[in-house]
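K.L.:
sequence first, then the predicted structure:
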Amino acid sequence: MDVVLKVVYGLPSYIQDRLAFISTDPLPWKESVLGFSWFVYLFESYLTFRQYSNYKIAAPPPELVEHFPEDKFLKGQKYGAAKAKFSVISGFVNQIIETAFIYYDIYPMTWALAGGVLSRLGYHGNYEISQSLIWGTLLFLCSSIPTIPLSYYQTFVLEEEYGFNKTTRGLFFADLLKGWGLGAAFGLPFLAAFLWIIKRAGASFIPYLMGFIVSMQLIFVVIYPLLIQPLFNKLSPLHEGTLRTRIEGLAGGLNFPLKHLYVIDGSKRSSHSNAYFYGLPWSKHIVIFDTLIQKTPEDQIEAVLAHELGHWQYSHPSKLLLISQVHLYAMLSVFPPFLRSSPLLRSFNFPASVAAVPPTMVAFMLFQLVQGPVDTVIKVAMNWISRRFEFQADQFACEFDDGKPVEGEAKEEMMGERLGKALISLHVGNLSTVWVDWLYSTWHFSHPTLMERLRAMEDIKKGQASGGLIKQKKEL
């Protein structure tokens, strides 16, 4: 334990000593950020091109032919191709916006504009936190407004054409305004506290800021279903019946701390299906989309939730939370040299008067841009971890029971069989492609592909069969 504490407390000083040159040496930060940003865009466009060829395949893999009606499969291929084209176009628009922000010095211009707003309001002198909040708002509006047409097209043209969109235009814009309002109501106070802690705590801000962020994460888990979720969706208790009995029996058998079992009106916006759980460790809530209930047999819904409870059984949410905290701690440990770096601000053409004492918000924003390569590596690594967790949750569901019949009912299929059918059904209903390029999925996907999951479950089934045979021979 002492060794761990020494590492935790000593790591920031070690990192900052090694990165001290960042505070003093002029480096081509602006050019590096632009270069890497375009590299990522072009690489992702290349990945999309690789994947696009898969949408031209005219039939599913032999193992899935009987599960995919030909018209559904071909429609799914067209849907995938349309989404791929849209991703390239929307990615290009976002890339142009990001490039314009950097190349045309939008960051220093909007910082000066934020200062001008304060001056017009009669606030002169050093109001760094207030100026930072105005600056953050201006940047958000400048980056968000140009992308509204893309969201509109995706919802009312792309998703509409393939039968998924259920959102009205009024609901679309209402959601947009609600999202912005919530961002202001929660985001601005959070940002103000974030900046205040760094200013107040000085060089030892890391543990205080970590404690604040973790506390806010726990508070958000509590208030989200109470204050935020009802603004967008209606959660209703799942009515009494066989599905509720199944789920409660499943949760009870695992000692899962189920407090509420909800149905969410996902059909209000889309016909896509899903299910998930959330909550604190001692109080969990399961949420099922109404579209899933409408389209999927109860025994398959039970299998989907067995998979979800597998994540809980293996503590996957807690592990991901721990990983995120380690990442956050490492990121904050690297930040101080950038916080003191006048050359960093000068590289992005901030005036010398601003760069002389870098505002915390400005330094942190530029730091986020500079660490883009690190974030990219972490994203791919997190996808790999997430896919491993998905395989483990599938295995848990496959090994959960032995297909024993419910009293008064015929013997059911094994849980793994039902989960496989549910995954196939979800893919068919969501028009998801089953042909996926390996490099594309490695870069983008947090879940294994359907074929990877089905083959892994088949291996588990074979292992169970061989294990049962060995057991029988020993008994003989």
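P.N.:
Received, thanks. Just so it is clear, the model here is predicted, and its values are computed rather than measured.
K.L.:
what are the ranges of the strands in the stretch 151-300 of the chain?
P.N.:
All strands of the stretch 151-300 of the chain, identified by DSSP state E, counting those that start in this stretch, fall at 235-237, 258-264, 275-280, 283-289.
K.L.:
with respect to burial, which of those strands scores highest?
P.N.:
Of those, the one with the most neighbours on average (mean count of other CB atoms under 10 Å) is strand 283-289, at a mean of 20. C-beta here means a position set from N, CA and C on the backbone, and glycine is covered the same way.
K.L.:
could you dump the strands of the stretch 151-300 of the chain to a markdown table with mean pLDDT and distance to Met382?
P.N.:
Listed next are these as a markdown table, based on pLDDT from 0 to 100; distance: least, CB to CB, whole Å:
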| stretch | mean pLDDT | distance to Met382 |
| --- | --- | --- |
| strand 235-237 | 91 | 29 |
| strand 258-264 | 91 | 26 |
| strand 275-280 | 86 | 18 |
| strand 283-289 | 91 | 23 |
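K.L.:
okay if I get these as TSV plus distance to Tyr440?
P.N.:
Listed next are the strands of the stretch 151-300 of the chain as TSV, based on distance: least, CB to CB, whole Å:
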stretch	distance to Tyr440
strand 235-237	35
strand 258-264	30
strand 275-280	25
strand 283-289	27
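K.L.:
so where's the stretch 1-150 of the chain shaky on pLDDT?
P.N.:
Residue ranges of the stretch 1-150 of the chain with pLDDT under 70: 1-9.
K.L.:
right, and the strands of the stretch 151-300 of the chain - which one's nearest Ser45?
P.N.:
Nearest of the strands of the stretch 151-300 of the chain to Ser45, taken as CB to CB: strand 275-280 at 31.4 Å.
K.L.:
which residues touch the closest one?
P.N.:
218, 221-222, 224-225, 257, 259, 284-289, 292, 301, 304-305, 308-309, 312 (CB atoms under 8 Å, 6 or more residues apart in numbering).
K.L.:
hmm, back to that, between the strands of the stretch 151-300 of the chain, which one is closest to Phe194.
P.N.:
Nearest of these (CB to CB): strand 275-280, 23.5 Å.
K.L.:
hmm, back to that, between the strands of the stretch 151-300 of the chain, which one is nearest to Phe173?
P.N.:
Closest approach to Phe173 among the strands of the stretch 151-300 of the chain (CB to CB): strand 258-264, 21.4 Å.
K.L.:
from the contact counts, what lies against that closest one?
P.N.:
Judged by 3 or more CB pairs under 8 Å, 6 or more residues apart in numbering; DSSP states H and E, strand 258-264 is in contact with strand 235-237, helix 242-253, strand 283-289, helix 290-295.
K.L.:
adjacent strands (with direction) for the third one?
P.N.:
The strands that strand 283-289 pairs with in its sheet are strand 258-264 (parallel), strand 275-280 (antiparallel) (by DSSP bridges).
K.L.:
next: the first one.
P.N.:
Strands flanking strand 235-237 in the sheet, each with its direction: strand 258-264 (antiparallel) (DSSP bridges).
K.L.:
ok, residues contacting the strand it pairs with?
P.N.:
With CB under 8 Å, 6+ apart as the test, strand 258-264 has contacts from 233-238, 244, 247-248, 251-252, 279, 283-290, 293.
K.L.:
the strands of the stretch 151-300 of the chain: which one's closest to Thr449?
P.N.:
Distance to Thr449, taken as CB to CB, is lowest for strand 275-280 among the strands of the stretch 151-300 of the chain, at 19.7 Å.
K.L.:
only the buried residues of stretch 391-402, if you could.
P.N.:
Within stretch 391-402, the residues scored as buried using 16 or more other CB atoms under 10 Å are Phe391, Gln392, Ala393, Asp394, Gln395, Phe396, Ala397, Cys398, Glu399, Phe400, Asp401.
K.L.:
what do you get for stretch 440-454?
P.N.:
Tyr440, Ser441, Trp443, His444, Phe445, Pro448, Thr449, Leu450, Glu452, Arg453, Leu454.
K.L.:
same question for stretch 108-126.
P.N.:
Neighbour-count burial for stretch 108-126, counted by 16+ other CB under 10 Å, picks out Pro108, Thr110, Trp111, Ala114, Gly115, Val117.
K.L.:
re the thing from before, and the buried residues of stretch 391-402, which is the shakiest by pLDDT?
P.N.:
Checked by pLDDT, these have Asp401 as the lowest-scoring entry (64).
K.L.:
could I get the buried residues of stretch 391-402 as JSON lines with secondary structure?
P.N.:
Shown next, in JSON lines, are the buried residues of stretch 391-402 (DSSP: H, G, I helix; E, B strand; the rest coil):
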{"residue": "Phe391", "secondary structure": "helix"}
{"residue": "Gln392", "secondary structure": "helix"}
{"residue": "Ala393", "secondary structure": "helix"}
{"residue": "Asp394", "secondary structure": "helix"}
{"residue": "Gln395", "secondary structure": "helix"}
{"residue": "Phe396", "secondary structure": "helix"}
{"residue": "Ala397", "secondary structure": "helix"}
{"residue": "Cys398", "secondary structure": "helix"}
{"residue": "Glu399", "secondary structure": "coil"}
{"residue": "Phe400", "secondary structure": "coil"}
{"residue": "Asp401", "secondary structure": "coil"}
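K.L.:
nearest to Tyr14, of the residues you listed?
P.N.:
Distance ranking of the buried residues of stretch 391-402 against Tyr14, using CB to CB, places Gln392 first at 34.5 Å.
K.L.:
residue contacts, that closest one?
P.N.:
Applying CB under 8 Å, 6+ apart, the residues near Gln392 are Gly310, Tyr314, His316.
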